[in-house]
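In: Structural data only, the sequence is not supplied:
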């Protein structure tokens, strides 16, 4: 736990300290329905480029539902409907629009799931799968990209001698870092994390958190977490959600130290939730 | 302790013990009953197999496998029958596998859940229970007369393919369903199309289960008699269909699928119905071969299932 505190203390320039903020994506009055149930209500919030944005809130508040709008995961299931927009920069396209192919959206926006879900293939094939889907078959390019992605996911040293082993033989933490490498290999513009450490032990959790802090240099991150300390440790911005609405959105330090809304404070201090 | 008349908490404990003892007695009774039931089922099977073996084993020899049927029981063999069975199985496999797996993939992955697919689903499941002779009648009308395939290997193969389609479809769907949702989501999240998800993930991960279903279906098909008789297989045949491969161009030859044929169960049926005891021994010997083939196929299916379970743990 010591290393975690250290990484919080060493966090580079405090958000809002004068550096230029660019919006990577923005939800604009986003509603989402499962059948007739309205799971998201008029969500408006920006996702800033090269920042980590955390979504917190009690179970069932819609944070995962919101996250899964970004890569159109909901499109895989029947009886759902989006209303409103999520605009993705720099081309300012509404990724929820009917005429935008969800596959195109998923090629731009990667995702890491709650439970590590590597394919029952070799470590190497897991990492390069996204490239294969994109039609890359040149061995030299695949090798190079695989190494880059594994290095970025802090897995290269452990994995380089066993690239042909089945990924399921790795530990849970390694599997999750492999899933991160798999998502990074295709250079996504935005990376979604859906409670990425809830199935992991504290040491693996610490390594994933450290990784997220490093990764924001190259990719914008949106993370759903149940763990408030985690949100405080890794994120620059935090949104507190409740019953499908964003109650409060702001810089993480401000949300955790001086929340503007009473509901946020109650949740963060553990009086509710 | 228990020798002294128990009081207070001790009495509670002794009551508990007698309760546990009576529970355990029931457990033993049920275990004995279970063993008896299992033993009965296994013994009947073993007895039937032994009976066949005792009758048939003396007749089993190389020449039994390489001779055509004959009027003299001691010279008769099952060459045309097992070659016919093998050829019919080949046709059955090439027809049932793509259609069955394709239908399973469609129903599991593409079809929307609605009344139409519900009806299809109920139909597929019920088809597995349709008496096999009904398939024979259908084939007689459709393949033999309507399509003009005649009383051929092709007709028999397609008929048996229809017969085992439900088995292949149902077991393939079950195999596809064992691939967990989070693996599908992982593939889609990487930007895979539906077909990429199916061909890169679903089919490879479920191939063990699919293969098991195919083999079980084939084991079912190889023993079928009624539909084959219905479409008019010969019961006495003293020639082989033209071979499917040849040394001359174009190397492959499809004459054999239009050829007349017989199969092992029909050969057996034919011999059993003769009054001469020697022919009945021939039937038993053919039965041993047929049962052996079925056992090998089922064994292979079990082995594959075991291998897959060992390899992929979700």
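Out: All right, it came through fine. Everything quoted here is computed from the prediction, not taken from an experiment.
In: and the residue in chain A positioned nearest to chain B, what helix or strand is that in?
Out: In chain A, the residue that lies nearest chain B is residue A:107 (3.9 Å; C-beta to the nearest C-beta). In short, each C-beta sits where N, CA and C put it, glycine included. Taking DSSP states H and E as the definition, one finds residue A:107 inside helix A:102-108.
In: and that helix, which residues are buried?
Out: A:102, A:103, A:105, A:106, A:107, A:108 (16 or more other C-beta atoms under 10 Å in any protein chain shown).
In: Out of the residues you listed, the closest to residue B:139 would be?
Out: Comparing the buried residues of helix A:102-108 against residue B:139 with C-beta to C-beta places residue A:103 closest, at 43.5 Å.
In: For that closest one, give its distance to residue A:48.
Out: Applying C-beta to C-beta, to the nearest Å, the value for residue A:103 to residue A:48 is 26 Å.
In: Next: residue A:129.
Out: On the measure of C-beta to C-beta, residue A:129 and residue A:48 end up 29 Å apart.
In: residue ranges of the helices in the stretch 151-300 of chain B, please?
Out: Assigned by DSSP state H, counting those that start in this stretch, the helices in the stretch 151-300 of chain B fall at B:153-177, B:181-189, B:194-197, B:203-222, B:226-230, B:264-272, B:277-311.
In: Of all those, which one is nearest residue B:136?
Out: Within the helices of the stretch 151-300 of chain B, the stretch nearest residue B:136 is helix B:226-230; the backing value is 2.8 Å (C-beta to C-beta).
In: show me the contacts for residue 231.
Out: The chain I'm using is chain A. For residue A:231, the contact set (C-beta atoms under 8 Å, 6 or more residues apart in numbering or on different chains) comprises A:54, A:56, A:223, A:225, A:238, A:252, A:256.
In: that's the wrong chain, I wanted chain B
Out: Taking C-beta under 8 Å, 6+ apart, one finds B:136, B:139, B:140, B:143, B:144, B:151, B:155, B:156, B:159 in contact with residue B:231.
In: Would you check these and say which has the weakest pLDDT?
Out: pLDDT across these is lowest for residue B:151, at 84.
In: Pretty sure that residue sits against residue B:235.
Out: No. Counting by C-beta atoms under 8 Å, residue B:151 sits too far from residue B:235 to count as a contact (11.7 Å).
In: hey, what's in contact with both of these two?
Out: Common neighbours of residue B:151 and residue B:235 (C-beta under 8 Å, 6+ apart) do not exist.
In: where does the chain have low pLDDT?
Out: This is for chain A. Within chain A, the set of residues satisfying pLDDT under 70 comprises A:1-19, A:272-273.
In: meant chain B actually
Out: Applying pLDDT under 70 to chain B flags the ranges B:1-8, B:246-248, B:251, B:313-314.
In: mind listing what the residue in it positioned nearest to chain A touches?
Out: Residue nearest to chain A within chain B: residue B:191 (3.9 Å; C-beta to the nearest C-beta). With contact set as C-beta under 8 Å, 6+ apart, residue B:191 has these partners: A:103, A:104, A:106, A:107, A:130, A:133, A:134, A:186.
In: what two of the residues you listed have the greatest distance between them?
Out: Pairwise across the contacts of residue B:191, and taking C-beta to C-beta, the largest span is found between A:104 and A:130, at 13.6 Å.
In: one step back: residue A:129 and residue A:48 - which one has more neighbours?
Out: residue A:129 (24 against 18; other C-beta atoms under 10 Å in any protein chain shown).
In: Up against chain B, what does the stretch 101-250 of chain A have?
Out: Contact residues, the stretch 101-250 of chain A versus chain B (C-beta under 8 Å from any C-beta of the partner chain): A:103-104, A:106-107, A:110-111, A:113, A:115, A:117-120, A:129-130, A:132-134, A:168, A:179, A:182-183, A:186.
In: Tell me which entries of those residues lie within strands.
Out: A:110, A:111 (DSSP state E).
In: Please check the residues of the stretch 101-250 of chain A next to chain B and keep the buried ones.
Out: Buried members of these, counted by 16+ other C-beta under 10 Å: A:103, A:106-107, A:110-111, A:113, A:115, A:117-120, A:129-130, A:133, A:168, A:179, A:182-183, A:186.
In: Now do the SS call for residue A:87.
Out: Here residue A:87 is strand, with the state taken from DSSP: H, G, I helix; E, B strand; the rest coil.
In: Is there a neighbour count for it? I'd like the number.
Out: Residues near residue A:87, counting by other C-beta under 10 Å, number 18.
In: before we move on, the earlier item: off-centre distance for the helix holding residue A:107?
Out: 15 Å (C-alpha atoms, centre = their mean, to the nearest Å).
In: Show me what that helix is in contact with.
Out: Residues outside helix A:102-108 that contact it (C-beta under 8 Å, 6+ apart) are A:70-72, A:75, A:88, A:95, A:134, A:186, A:188-190, B:188-193.
In: how about the closest residue to residue B:241 other than its chain neighbours, what does it touch?
Out: Spatial nearest neighbour of residue B:241, chain neighbours left out: residue B:259 (3.5 Å); criterion: C-beta to C-beta, 6 or more residues apart in numbering or on different chains. Residue B:259 sits next to B:152, B:153, B:241, B:242 when contact means C-beta under 8 Å, 6+ apart.
In: how about the residues of the stretch 201-314 of chain B near chain A?
Out: Contact residues (C-beta under 8 Å from any C-beta) of the stretch 201-314 of chain B with chain A: B:201, B:205, B:311, B:312, B:313.
In: Quick one, which of those residues are buried?
Out: Among those, the ones that count as buried by 16+ other C-beta under 10 Å are B:201, B:205, B:312.
In: ok, which stretches of the stretch 1-150 of chain A are strands?
Out: For the stretch 1-150 of chain A, the strands defined by DSSP state E, counting those that start in this stretch occupy A:23-34, A:37-48, A:52-56, A:80-88, A:93-94, A:109-112.
In: Counting by contacts, list what the fifth one packs against.
Out: Contacting strand A:93-94 under the criterion 3 or more C-beta pairs under 8 Å, 6 or more residues apart in numbering or on different chains; DSSP states H and E are the following elements: strand A:80-88.
In: Given the strand it packs on, what are its sheet partners and their directions?
Out: Using DSSP bridges, strand A:80-88 pairs in its sheet with strand A:23-34 (antiparallel), strand A:93-94 (antiparallel).
In: Any buried residues in it, and which?
Out: Neighbour-count burial for strand A:80-88, counted by 16+ other C-beta under 10 Å, picks out A:80, A:82, A:84, A:85, A:86, A:87, A:88.
In: State the distance from the nearest residue to the third one once chain neighbours are set aside to residue A:61.
Out: If you skip the residues right next to it in sequence, residue A:84 has residue A:30 as its closest partner in space, 3.9 Å away by C-beta to C-beta, 6+ apart. With distances taken as C-beta to C-beta, residue A:30 is found 14 Å from residue A:61.
In: Now residue A:100. Its backbone dihedrals?
Out: Main-chain torsions, residue A:100, degrees, to the nearest 10: phi -100, psi 130.
In: For burial, what's the neighbour tally of it?
Out: Per other C-beta under 10 Å, the neighbour tally for residue A:100 reads 14.
In: do the same with residue A:258
Out: Residue A:258: 10 surrounding residues under other C-beta under 10 Å.
In: Residue B:261 now?
Out: The number of residues packed near residue B:261 is 27, by other C-beta under 10 Å.
In: Now do the contacts for residue A:136.
Out: The neighbourhood of residue A:136, defined by C-beta under 8 Å, 6+ apart, consists of A:128, A:142, A:145.
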